[in-house]
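**Q** Following is a predicted model, sequence given first.
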Amino acid sequence: MGDLGFKKVSVLEGGYNAWLAAQYPIEKKWTIKQECVTCHTNVTPNIVGDWKLSKHSKAEVSCSVCHGEHHMSEEDVDKSLPMKPDRCIMCHQVRGDQFKKGKHALAWSSMKAMPTAHWQPMAMIDGMKGCGGCHKVGIKADAEIKEMRENGAGFGYASCDVCHTRHTFSVKEARQPQACQTCHMGFDHPQWEMYSSSKHGVRYLLKQNGTLPETTAAPTCQTCHMREGNHEVRTAWGFYGVRLPLPEDKKQAEARKTYLKALGMLDPEGKPTARMNVAKKEDFFRMTQKEWSEERVKMLKACNSCHTLSFARRELEKGDQTVRETERLLAEAIQIVANLYRDGILKKPKNYNYAFPDFLTLHDAPTTIDHKLWLMFMEHRMRAFMGTFHANPDYAFWYGWSRMQQSLVEIREMAEDLRKKAGK
Ligand code: HEC
Ligand code: HEC
Ligand code: HEC
Ligand code: HEC
Ligand code: HEC
Ligand code: HEC
Ligand code: HEC
Ligand code: HEC
């Protein structure tokens with residue numbers, strides 16, 4: 001984004017004046033088009049209203065600074081520039097660099113990497129109504145944005161505004177746990193539901209509504225996941241609740257291999273596949289003990305601002321234990337379905353790489369028993385280990401562990417029926 005001639009100086013590192021001094025002396029300073037504000041006061045009054053509330057308006061970061069100055073009338077609206085994170089980053093480099101190293105930056109590409117992403121309706125992906133509506137936090141390539149704009153997908157390119165909502169771009173808003181709520185909720189990652197009904201969340205919400213004083217100790221999502229405002233988000237176990245290297249315990253190692261096969265990262269013989277390379281590129285999970293431990297240490301430091309280190313360590317170890325125990329249950333169920341493929345009772349679908357269940361086909365899996373298995377992975381296991389980490393007993397046990405056990409029984413029974421029908 002060199003086109004506006006900005007110097008890459010962090011406003012907040014050097015202070016506003018240092019930043020301003022770095023910007024203004026250069027010949028190619030931006031123009032602040034007063035006309036934008038004048039006309040838009042009628043066209044979109046609440047956008048102007050929010051912008052007026054922002055620190056940006058006070059610092060003369062005007063409409064044209066972000067949107068460019070090529071559109072100036074009703075007839076040339078399509079000339080306004082798409083807002084990309086780079087445009088924010090040219091002034092906020094420190095946060096931008098952190099963001100780019102973290103998992104949020106990868107959200108768009110990891111969504112696109114799902115084998116059946118292109119099967120979903122356009123409105124759900126590029127239209128931002130489904131997957132895209134949350135994964136838009138990820139950075140998109142220029143070519144992608146161009147294509148999306150040509151196809152009429154009108155917004156969602158800015159990434160940074162998911163927590164700093166346009167046009168107030170407030171830091172106060174981004175510090176609230178609700179800033180994460182729109183995405184970290186629901187079916188496969190109900191972190192909002194778990195947090196807001198945990199001791200931690202309830203206490204924080206009581207602070208927000210004024211029942212408890214401002215200085216009461218209560219963590220937000222940000223306290224644990226963005227310590228010191230660090231925009232590089234990542235956790236030890238990640239979304240999939242898996243990591244490498246394989247554990248030393250033989251049984252556990254077998255279970256993990258079975259799970260990685262169902263993720264398509266290992267082939268049925270146990271050799272890494274092309275998808276394992278995608279997993280590396282997209283940072284799906286921690287590939288070494290070192291990477292995992294680094295994240296764990298960060299988390300322990302976060303807990304340690306309120307709890308003792310030994311308390312925190314014990315609590316997190318219970319999470320690790322749940323990851324392992326649920327992995328074994330899941331592996332048992334995967335093996336039952338895998339044996340149906342092996343024995344020819346279920347036929348390998350054309351789009352599958354192997355005669356083996358494939359979790360990443362999501363709801364486009366071919367049979368009812370595959371769906372049951374997928375739910376056990378994507379809904380029930382997620383709740384069990386995520387609930388343990390987020391101090392929510394009900395999610396951990398009833399929505400999680402208990403539902404996994406029920407699923408296992410159903411899968412076993414369905415497999416027996418299928419075998420009977422096939423006479424094998
Ligand atoms: C003479 C009035 C006028 C002026 C001046 C004007 N705009 Fe607009 N702008 C509009 C209208 C009208 C729309 C379309 C509204 C609609 O679709 O309902 C629009 C739409 C936009 C959009 C949305 C673009 C999109 O892709 O949907 C942005 C962003 C925008 N203006 C920014 C600016 C900026 C920045 C300036 C100054 C450089 C500016 N406008 C100057 C009238 C104006
Ligand atoms: C700090 C950068 C920044 C400034 C300053 C800014 N905008 Fe925006 N604007 C954005 C972002 C980010 C979006 C969302 C773009 C997306 O989703 O792809 C947006 C979207 C818009 C849209 C289209 C979305 C809608 O809800 O219709 C309009 C219109 C718009 N801005 C007008 C303005 C006007 C008028 C001003 C000045 C009063 C202004 N903007 C100032 C960053 C900015
Ligand atoms: C031209 C430089 C520039 C651009 C581009 C820019 N900002 Fe800013 N931003 C500033 C300045 C200057 C401040 C005010 C700093 C101060 O007052 O301490 C600021 C303040 C902020 C704050 C703190 C607000 C608060 O409530 O304290 C946030 C958050 C922020 N910007 C986010 C963004 C985002 C997101 C974008 C892109 C959509 C963006 N900025 C684009 C210069 C810029
Ligand atoms: C617009 C949607 C959206 C918002 C808002 C959002 N996130 Fe995310 N978050 C995502 C997506 C999508 C991913 C998965 C990224 C990927 O594909 O790699 C993610 C990943 C993460 C991860 C990494 C988990 C892992 O696998 O290790 C953490 C931690 C996280 N977010 C925390 C937060 C916090 C804290 C907030 C609020 C301050 C927040 N997020 C706000 C969509 C969002
Ligand atoms: C409600 C918002 C939302 C929707 C809708 C959504 N996701 Fe996600 N997705 C997230 C969040 C948040 C995460 C991170 C959760 C976590 O780490 O616990 C995530 C994680 C992922 C991951 C794992 C990435 C990683 O690196 O760990 C993939 C892949 C993914 N989503 C793809 C999709 C696809 C494909 C769709 C649509 C079929 C979709 N998502 C729909 C919010 C959403
Ligand atoms: C997942 C939510 C989230 C996203 C996405 C996000 N921010 Fe932030 N941002 C925060 C939080 C939380 C803070 C408050 C940090 C603190 O405690 O001081 C913050 C603070 C800021 C500040 C205020 C000053 C400072 O440095 O603390 C700026 C500027 C900022 N972010 C810029 C950006 C930019 C630029 C992007 C995109 C590259 C971005 N943010 C994306 C959550 C987010
Ligand atoms: C008290 C600290 C704490 C709070 C508050 C908290 N988390 Fe977490 N979160 C954790 C821990 C611990 C893990 C597991 C880390 C690991 O893998 O070792 C985790 C994991 C995650 C993950 C990865 C998948 C998972 O659930 O295991 C995401 C995404 C996430 N949290 C988002 C959020 C969001 C969003 C909020 C607020 C609604 C939130 N967290 C509140 C501590 C917290
Ligand atoms: C900002 C302060 C703060 C941080 C950070 C924090 N906690 Fe807490 N935690 C509390 C408070 C306050 C309570 C309530 C004390 C009570 O239940 O008696 C609590 C309670 C708990 C409980 C008991 C929950 C219950 O239902 O009674 C567990 C377990 C826990 N925390 C684990 C953690 C872990 C693990 C971390 C780090 C990932 C963490 N906490 C980070 C403040 C914090």
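**A** Thanks, I have the structure now. Note that the structure is predicted; figures quoted are calculated from it, not measured. Ligands and ions are numbered 1, 2, ... in the order given.

**Q** only C-alpha atoms for contact and neighbour calcs from this point on.
**A** Will do.

**Q** does ligand 8 sit close to the biggest helix by length in the chain?
**A** If you go by DSSP state H, the chain has its longest helix at helix 309-342. Yes. Using Cα under 6 Å from any ligand atom, helix 309-342 reaches ligand 8 at 312, 315-316.

**Q** Report all helices and strands that that helix contacts.
**A** helix 250-262, helix 289-304, helix 368-375, helix 382-389, helix 403-422 (3 or more Cα pairs under 8 Å, 6 or more residues apart in numbering; DSSP states H and E).

**Q** Among those, which comes closest to R342?
**A** helix 403-422 (12.1 Å; Cα to Cα).

**Q** picking that back up, now the helices and strands packed on helix 309-342 as a markdown table including mean neighbour count, mean pLDDT and distance to ligand 5?
**A** Shown next, in a markdown table, are the helices and strands packed on helix 309-342 (neighbours: other Cα atoms under 10 Å; pLDDT from 0 to 100; distance: least, Cα to the nearest ligand atom, whole Å):
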| stretch | mean neighbour count | mean pLDDT | distance to ligand 5 |
| --- | --- | --- | --- |
| helix 250-262 | 20 | 98 | 14 |
| helix 289-304 | 16 | 98 | 14 |
| helix 368-375 | 20 | 97 | 13 |
| helix 382-389 | 27 | 98 | 8 |
| helix 403-422 | 16 | 98 | 18 |
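
**Q** Let me know which of those helices is the nearest to ligand 8.
**A** Within the helices and strands packed on helix 309-342, the stretch nearest ligand 8 is helix 289-304; the backing value is 3.3 Å (Cα to the nearest ligand atom).

**Q** the inter-axis angle of that closest one versus helix 309-342?
**A** Here helix 289-304 points in a direction 130 degrees away from that of helix 309-342 (axes from the mean of the first three to the mean of the last three Cα atoms, to 10 degrees).

**Q** Residues contacting helix 289-304, please?
**A** Outside helix 289-304, the residues within contact range by Cα atoms under 8 Å, 6 or more residues apart in numbering are 223-225, 227, 234-237, 243-245, 286, 309, 312-313.

**Q** Could you tell me which residues of the protein lie near ligand 7?
**A** Residues of the chain lying close to ligand 7 (Cα under 6 Å from any ligand atom) are 177, 180, 184, 191-192, 195, 219-221, 224, 235-239, 296, 386, 389-390.

**Q** Any of those buried? List them.
**A** Buried subset of those (neighbour count, 16 or more other Cα atoms under 10 Å): 177, 180, 184, 191-192, 195, 219-221, 224, 235-238, 296, 386, 389-390.

**Q** Tell me how far the closest residue to ligand 6 within the stretch 301-424 of the chain lies from C221.
**A** At 12.9 Å from ligand 6, A302 is the closest residue in the stretch 301-424 of the chain, using Cα to the nearest ligand atom. Per Cα to Cα, to the nearest Å, A302 is found 11 Å from C221.
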